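> Fold the following and give me the result.
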Amino acid sequence: MVRYVLQKLLFMLVSIFVLASATFFLMKAIPGNPFQSEKNIPAAIQERLNEEYGLNDPLGVQYLHYMNNLIHFDLGTSMKQQYVTVIDIIKTGFIYSLQIGIFAIIVAVAAGVLFGLIAALNHRKFLDGFTILIAVIGVSIPNFVVATGLQWIFGVKLRVLDVAGLNDPTDFIMPVLALSFLPAAFIARLVRSSMLEVLSADYMKTARAKGLSGRVILVRHALRNAILPVVTYIGPMTANIITGSVVIEQIFGIGGLGKFFVNSITNRDYTLIMGLTLFYAVILMLARFLTDIAYGFVDPRIKLSRGKGG
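Below you'll find the model as predicted:
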C-alpha cells in the first residue's frame, strides 16, 4: 500500500510538471499579450505593465521564474484584477464550486444506485423499462440543455425558483440537478447491469439455499459486489462534474471557479488561466487517486500494487 501511494504521488508530481510546462508555453505561443486588448492605453503604461509582469524577459527566464514560484506554491497575480492573487481568486470561487460539486455527487450516487436497484429487482417489468428510458434520456442530453430546461420550467413557467445566483438554499436545486442528471443516469445503468449479473451468480443461489433472508442477501452479498463499478466511475464522474460546472456556473450566474475560468480566457489573463488549469488538474488527480484507494477497501481481493488500480 505504501509503495503504491508513493508511486501515485510521484506520477501526480510529474503530471503536474508536464501540465504546467505545456500550459505555460501554450499561453506564450498566443500572439500579443493581455494588455494589448486594452483600449487607448498609452504605450508607456503598456511597457510598464509588461515590465512589471516580466513579459519583456526572455521566454526561458519567464519559464524558470514561473516554475520557481510554482515550487513555492505561488500561482502569481492576476493580470486583469489589480493586486489580486490567483490563490485569493481560487479561495473566493472554490467554495461555491465545491458546494455544488459535493451535492451533485451525493445526488448522482444516491439516485443512480436507488433507481438501478429498482430496475434490477423489477427486471423486465414496467419499473425496469421506465428506469431504462429515463437513463437513456439522461446520458443523451448535455447538462447545459438540462440547465436551461430547468430554468424554463421552474424559473419562468412555475416561478418557484430563481434562475440565477445563490442567495438562498433553494438556489442550489437547479444547478445540482443539472450537474447530477447525466452521472445519475449512467450510474443507474451500471448498477442495474451489475446487480442482474450478481443476482444470477452461483454464490447467490447458495446463499438462498442456506436460508438467508432476502434483505441480508441483498445488502451483504449482492449490493456490495454490484457497487464496485460505481466506485470505479466516481473518479471520472468527479471529473465530469468539475468540468461541467464551468458551463453550469455561467448559466446560473454563480460566482464559482467556472465563471473565473471563462472570464480569464476571455480576458487573456495568463496567470489566472495557468493557475486555474493546474488547480483543476490537481482536483481531478486527487479524485482518481482516492478512487483507487477506495477500490481496495470495498473489495479486499483487489491488491494495490504496480500495474493494478492505476
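> Check what pLDDT A239 gets.
At A239, the predicted lDDT confidence score is 76.
> wait, isn't it in contact with A287?
Yes: A239 is in contact with A287 according to C-beta atoms under 8 Å; the separation is 6.5 Å. All C-beta spots, glycine's among them, are computed from the backbone N, C-alpha and C.
> Tell me which of those two has more neighbours.
A287 (19 against 16; other C-beta atoms under 10 Å).
> For that one, which non-adjacent residue is closest in space?
Excluding the flanking residues, the one nearest A287 by C-beta to C-beta, 6 or more residues apart in numbering is T238, at 3.9 Å.
> is it true that the one you found lies in a helix?
Yes: under DSSP: H, G, I helix; E, B strand; the rest coil, T238 sits within a helix.
> Could you report the distance from it to A104?
The spacing between T238 and A104, counted by C-beta to C-beta, to the nearest Å, is 10 Å.
> Can you pick out the residue with more neighbours from those two?
Legend: neighbour count by other C-beta under 10 Å for T238 and A104, higher for A104 (29 against 22).
> if I look at L272, how far off is I100?
Taken as C-beta to C-beta, the span from L272 to I100 is 20 Å.
> can you count the residues close to M204?
17.
> May I ask you to confirm that it is in contact with L223?
No: between M204 and L223 there is no contact, the gap being 11.5 Å when judged by C-beta under 8 Å.
> tell me the phi and psi of the closest residue to N50 other than its chain neighbours?
Once flanking residues are discounted, N50 sits nearest to N56: 5.0 Å by C-beta to C-beta, 6+ apart. When read as degrees, to the nearest 10, the backbone of N56 gives phi -90, psi -10.
> isn't N56 right next to R48, touching?
No: judged on C-beta under 8 Å, N56 makes no contact with R48 at a distance of 10.3 Å.
> Need the residues that contact stretch 156-167.
With contact meaning C-beta atoms under 8 Å, 6 or more residues apart in numbering, stretch 156-167 is reached by 96, 151, 154-155, 168, 170-174, 252-255.
> change it to 7 Å
Stretch 156-167 has contacts (C-beta atoms under 7 Å, 6 or more residues apart in numbering) with 96, 151, 154-155, 170-174, 252-254.
> Please indicate which of those has the highest neighbour count?
For the contacts of stretch 156-167, neighbours tallied by other C-beta under 10 Å; top is F252, 26 neighbours.
> Spit out the contact partners of that residue.
The contact partners of F252, by C-beta under 7 Å, 6+ apart, come to 147, 164, 174-175.
> For it, grab phi and psi.
phi -90, psi 10.
> This protein: helices as residue ranges?
Ranges of helices in the chain, per DSSP state H, are 2-29, 43-52, 59-71, 86-121, 126-140, 143-150, 173-199, 202-209, 214-216, 224-226, 228-251, 257-267, 270-298.
> Include distance to S78 when you put the ones you listed into TSV, please.
Listed next are the helices of the chain as TSV, based on distance: least, C-beta to C-beta, whole Å:
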stretch	distance to S78
helix 2-29	14
helix 43-52	13
helix 59-71	14
helix 86-121	6
helix 126-140	38
helix 143-150	27
helix 173-199	25
helix 202-209	58
helix 214-216	56
helix 224-226	47
helix 228-251	18
helix 257-267	8
helix 270-298	5
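> Lowest average confidence across the ones you listed, which one?
Among the helices of the chain, helix 214-216 carries the lowest mean pLDDT, at a mean of 71.
> roughly how far out does stretch 122-133 sit from the chain middle?
Averaging C-alpha positions (C-alpha atoms, centre = their mean, to the nearest Å) puts stretch 122-133 30 Å from its chain's average.
> Keeping just the C-alphas, turn that stretch into PDB.
In PDB, the C-alpha atoms belonging to stretch 122-133 read as follows (Å, rounded to 0.1, in the frame of the first residue of the first chain):
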ATOM      1  CA  ASN A 122     -38.100  -5.500 -11.200                       C
ATOM      2  CA  HIS A 123     -36.400  -7.000 -14.200                       C
ATOM      3  CA  ARG A 124     -38.500  -7.000 -17.400                       C
ATOM      4  CA  LYS A 125     -41.300  -5.200 -15.600                       C
ATOM      5  CA  PHE A 126     -42.700  -1.700 -16.000                       C
ATOM      6  CA  LEU A 127     -40.300  -0.100 -13.500                       C
ATOM      7  CA  ASP A 128     -37.400  -1.600 -15.200                       C
ATOM      8  CA  GLY A 129     -38.400  -0.300 -18.600                       C
ATOM      9  CA  PHE A 130     -39.300   3.100 -17.300                       C
ATOM     10  CA  THR A 131     -35.900   3.400 -15.500                       C
ATOM     11  CA  ILE A 132     -34.000   2.400 -18.600                       C
ATOM     12  CA  LEU A 133     -35.900   5.000 -20.600                       C
END
